[in-house]
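Enquirer: give me a model of this one.
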Amino acid sequence: DGIPSEGAEMTVDTDDISFGEDNFRKIKYTFSEDVLRLPMIQTSLTFNVGKAPLPNMRMIERHYFRSKLIKSYDFSFGFCIPGSTNTWDAVYVLPPLNDALIDEMIQDPYETKSDTFYFINNELIM
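Expert: Down below sits the predicted model:
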């Protein structure tokens, strides 16, 4: 399909969630110039559900360079069955970046970060 993939695997166990722990929500990235110029990228997310059902699961993901928001994504998973392992594939449409910003992102790769928020029934859980 010509869309590069970025693999991501995450485990969320609803029986033992620690609230407010940034180290589970934030990721630092290093991207090459060719990736920064792509119109879209594909990713796969795998997560496990504990003993409790997850009604109306939602994920909001925000990507930043330095403190500037580059793109925000909002995904709804719906109902997740207790004790299940789920794989979710997505194609992200990437915003066009100007040459000066791409150069800055390559020179300071650890200034590119994401922050992800997980909700169940509109309640922030992580």
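
Enquirer: what are the boundaries of the strands in the protein?
Expert: If DSSP state E is used as the criterion, the strands of the chain fall at 5-9, 26-28, 40-48, 54-65, 68-80, 85-93, 112-120, 123-124.

Enquirer: mind checking which of those strands is nearest D99?
Expert: strand 54-65 (14.0 Å; CB to CB). (Each C-beta comes from the backbone N, C-alpha and C, glycine too.)

Enquirer: pull out the buried positions in that closest one.
Expert: L54, M57, R58, M59, E61, H63, Y64, F65 (16 or more other CB atoms under 10 Å).

Enquirer: got these as a markdown table, with pLDDT columns?
Expert: Putting the buried residues of strand 54-65 into a markdown table (pLDDT from 0 to 100) gives the following:
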| residue | pLDDT |
| --- | --- |
| L54 | 91 |
| M57 | 92 |
| R58 | 93 |
| M59 | 91 |
| E61 | 90 |
| H63 | 89 |
| Y64 | 92 |
| F65 | 93 |
